[in-house]
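[1] All I have is the shape, not the residue letters:
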């Protein structure tokens, strides 16, 4: 019998408790031992739960309990989650977390601490909810050099964009609906600002490329500026707008970015709609592989946590290999060096004159028009340009007003 | 240093040799030890290869070599692959295979033999080529009861159907193109007859549901009867035809089938086109998760084999848990008991009369028409019916000639 504690009885933590109790037999069969949920840390009391007696508000009751070998952290946020996880690892307990903020900020340090103490620190649920991605990325693609990872990593914004694309909703309407359905929080800034996706691409990039990639090193644009007009122009280009987190291997490091991008319809991720997440891994041997599923939600996320718990239960005295090193100056290269074909939209008095001017400056451009488009606008697709090249060309255009620019995922 | 042998230097076997040699450093880092390719069994000689000296035509040189701890079987076919793999496991060597025919026919026996000898028998590459699916299914979904697995498991037929759907090619034209591009063999019957997909769904079902599911227990229809007209009618229903291998958990066992089915456009697998494979796993906690990638090809498949080799190298003295028990009478239930909504197409002199008659017999039906459809036909979508219910209703129709029936994936 292996005793387990849960820190934080919120959405995910209560789901973990539920699976451990309702699926106890199956879990024991997979783990090769019975898993006993012994303690749950929460400041609130849950007197009506059948396991109400497991609750404590005192972390010391968990960290000092030598019977508890595995601790599940589902509190979220950086503090006190970080302090508690660190204390558990120092006290000889393996840890499972679903906390992407914690892993994105402190993953290297906690992995090193786990290694030093011959323990495991697993966090499959921190990216893609219930989608198995970290373990396949680490193990199954062991024979590949990973060249790129790109993903739709935030279900809330994907739901909103899908509503804008399919149902012609405005950004504000889509956000209101997402909030009404419980997909978006009252303060939606971590989702719509791209910060949640940023943390997840940091975790994926760190694992795939071996050194910690910190959120503050990653250029992050959200979807707050995406309009219905953008959606229509993307459709006119034969694509859809998705919020993409993307990390590309470079000669000496990685470039990493979160931004709305136009995906061609035949891209593996273009059909990943609603609250689904999708992650594409490009390996030098395997080519493109995609993983799709619900990226959030109580039971999907909790099931990934429990799978990690089972894995740790089977490896109480053996280390899993999931690992990356500390962040290194220069490893994350400036995103401005990566070239993208762009959809540029300008205000102009004379579309014909503007088109001529754009062709002079950009060379070959393809113009894009939408049915019922606003007047006094011109939109073109440019060849692939780095951010610096784009700035230079835009400066050459003089007084043409750039209304909007969007990258094509290529 | 761990010595390795490869049985069969064909497409996949040569790919494995290539990755082990070109990616030696990365492989060693992941495996925690150097992997030395020591012997390759093939009846042919390859005098121009830089590793020509490794070849042997004598299996005894491999099975009796105590230094060789891991054997890769990439010969294909049942014999002598089965005999060789068995001999290797009996001689204390762990085995990796990409051979779906072998695993689908003898998986339970070879897994039991590996377990008895404290060895590993892994076969990630036997399903979905380079797509990591067996390991995620076994490990990451450990916390789920798997309710269903459905997949596009054969790249050749998916390529052909995509050509029929997108480019209006006939079955024969699509097959000729697939053969020209090297996707289909000169004798394409294992692909177009559904037998290749059948072996793969057997492996997935065995692993997910715990008992061996044999190919001969699985009702298998190929795509040889799928016509351009079917494709058009499917489109008129808002769907696409895919060759689906499907296994559904029942109260006491599983139902399993391979057949062309109409998928609604918003299904996770509907956008999996060309030579790509896609596998959907439905878990009671995680919901639907899909895995998409190239299901065949030299390097994708070889990379999955090498990942298994790395895993075995790390677990030379520890068993991996991948396992299922022997086949059991009654475990695979008759496919005729599973209800499907059907697209039925009849020849008729008077469409109006026929529609009335169909409504009388089937109750609510939705009629389907296609632009430029052949005259003297009527097509309807029925409610969900088991095969027996359908037969009864068809008998009641008397002299109406059924031209075609297709299931809707639901």
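    Okay, I see it. All of these numbers come straight from a predicted model, not from anything done at the bench. Numbering: from 1, shown residues only, chains lettered A, B, ... in the order given.

[2] for chain A, which spans come out with low pLDDT?
    Along chain A, the model assigns pLDDT under 70 to residues A:140-141.

[3] Just the helices from the stretch 1-150 of chain A, written as ranges.
    In the stretch 1-150 of chain A, the segments counted as helices under DSSP state H, counting those that start in this stretch are A:11-22, A:24-31, A:60-63, A:81-90, A:100-116, A:134-135.

[4] okay, the ones you listed in JSON lines with distance to residue B:353 next?
    All C-beta atoms are positioned from the backbone trio N, CA, C, and that covers glycine. Converted to JSON lines, the helices of the stretch 1-150 of chain A look like this (distance: least, C-beta to C-beta, whole Å):
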{"stretch": "helix A:11-22", "distance to residue B:353": "55"}
{"stretch": "helix A:24-31", "distance to residue B:353": "55"}
{"stretch": "helix A:60-63", "distance to residue B:353": "75"}
{"stretch": "helix A:81-90", "distance to residue B:353": "71"}
{"stretch": "helix A:100-116", "distance to residue B:353": "63"}
{"stretch": "helix A:134-135", "distance to residue B:353": "60"}
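
[5] Including mean neighbour count and distance to residue B:228, could those helices go into JSON lines?
    Putting the helices of the stretch 1-150 of chain A into JSON lines (neighbours: other C-beta atoms under 10 Å in any protein chain shown; distance: least, C-beta to C-beta, whole Å) gives the following:
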{"stretch": "helix A:11-22", "mean neighbour count": "21", "distance to residue B:228": "48"}
{"stretch": "helix A:24-31", "mean neighbour count": "17", "distance to residue B:228": "46"}
{"stretch": "helix A:60-63", "mean neighbour count": "17", "distance to residue B:228": "65"}
{"stretch": "helix A:81-90", "mean neighbour count": "20", "distance to residue B:228": "58"}
{"stretch": "helix A:100-116", "mean neighbour count": "21", "distance to residue B:228": "48"}
{"stretch": "helix A:134-135", "mean neighbour count": "24", "distance to residue B:228": "43"}
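
[6] Figure out which of these is closest to residue A:399.
    The closest of those to residue A:399 is helix A:100-116. By C-beta to C-beta, the value is 42.2 Å.

[7] Close to chain B: what parts of the stretch 101-250 of chain A are there?
    A:124, A:130-132, A:135-136, A:139-145 (C-beta under 8 Å from any C-beta of the partner chain).

[8] hang on, the earlier thing: and the helices of the stretch 1-150 of chain A: which comes nearest residue B:408?
    helix A:24-31 (31.4 Å).

[9] residues touching residue A:408, list them.
    Applying C-beta atoms under 8 Å, 6 or more residues apart in numbering or on different chains to residue A:408 gives the contacts A:237, A:239, A:261-262, A:264, A:340-343, A:381.

[10] quick one, strands of the stretch 151-300 of chain A?
    For the stretch 151-300 of chain A, the strands defined by DSSP state E, counting those that start in this stretch occupy A:219-220, A:239-249, A:254-264, A:276-283, A:287-294.

[11] Surely residue A:164 and residue A:177 touch.
    No - the pair residue A:164 / residue A:177 is not scored as a contact, 10.5 Å apart, by C-beta atoms under 8 Å.

[12] Settle it for me: which of the two has more neighbours?
    With neighbours defined as other C-beta atoms under 10 Å in any protein chain shown, residue A:164 and residue A:177 compare such that residue A:164 has more, 23 against 16.

[13] Contact partners for the more buried one?
    Neighbours of residue A:164 in contact, by C-beta under 8 Å, 6+ apart: A:170-171, A:174, A:226, A:228, A:231.

[14] Narrow those to those in helices?
    A:171, A:174, A:228, A:231 (DSSP state H).

[15] Scan those and report the most crowded one.
    Going by other C-beta under 10 Å, residue A:174 tops the ones in helices among the contacts of residue A:164 with 25 neighbours.

[16] where does the stretch 251-400 of chain A come near chain B, residue by residue?
    Residues of the stretch 251-400 of chain A lying near chain B (C-beta under 8 Å from any C-beta): A:266, A:268, A:270-271, A:273, A:276, A:283, A:285-294, A:297, A:299-300, A:302-307, A:309-311, A:314, A:318, A:321.

[17] and with 6 Å instead?
    A:268, A:271, A:285-287, A:289-294, A:299-300, A:303, A:306-307, A:310 (C-beta under 6 Å from any C-beta of the partner chain).

[18] Pull out the buried members of those.
    A:268, A:271, A:285-287, A:289-294, A:299-300, A:303, A:306-307, A:310 (16 or more other C-beta atoms under 10 Å in any protein chain shown).

[19] State the distance from the residue nearest the centre of chain A to residue B:59.
    The centroid of chain A falls nearest to residue A:200 when counting by C-alpha atoms, centre = their mean (3.1 Å). Between residue A:200 and residue B:59 the computed distance is 48 Å (C-beta to C-beta, to the nearest Å).

[20] now do residue A:231
    On the measure of C-beta to C-beta, residue A:231 and residue B:59 end up 62 Å apart.

[21] Same check on residue A:53?
    In terms of C-beta to C-beta, residue A:53 sits 62 Å off from residue B:59.

[22] cool, and residue A:70?
    46 Å.

[23] Between those two, point out the one with more neighbours.
    Per other C-beta under 10 Å, whichever of residue A:70 and residue B:59 has more neighbours is residue A:70, with 24 against 18.

[24] Can you report how many residues neighbour residue A:410?
    Neighbour number of residue A:410 under other C-beta under 10 Å is 13.

[25] burial count for the spatially closest residue to it that is not a sequence neighbour?
    Ranked by C-beta to C-beta, 6 or more residues apart in numbering or on different chains and with sequence neighbours excluded, the top spatial neighbour of residue A:410 is residue A:341, at 6.0 Å. Residue A:341 has 17 neighbours, counted by other C-beta under 10 Å.
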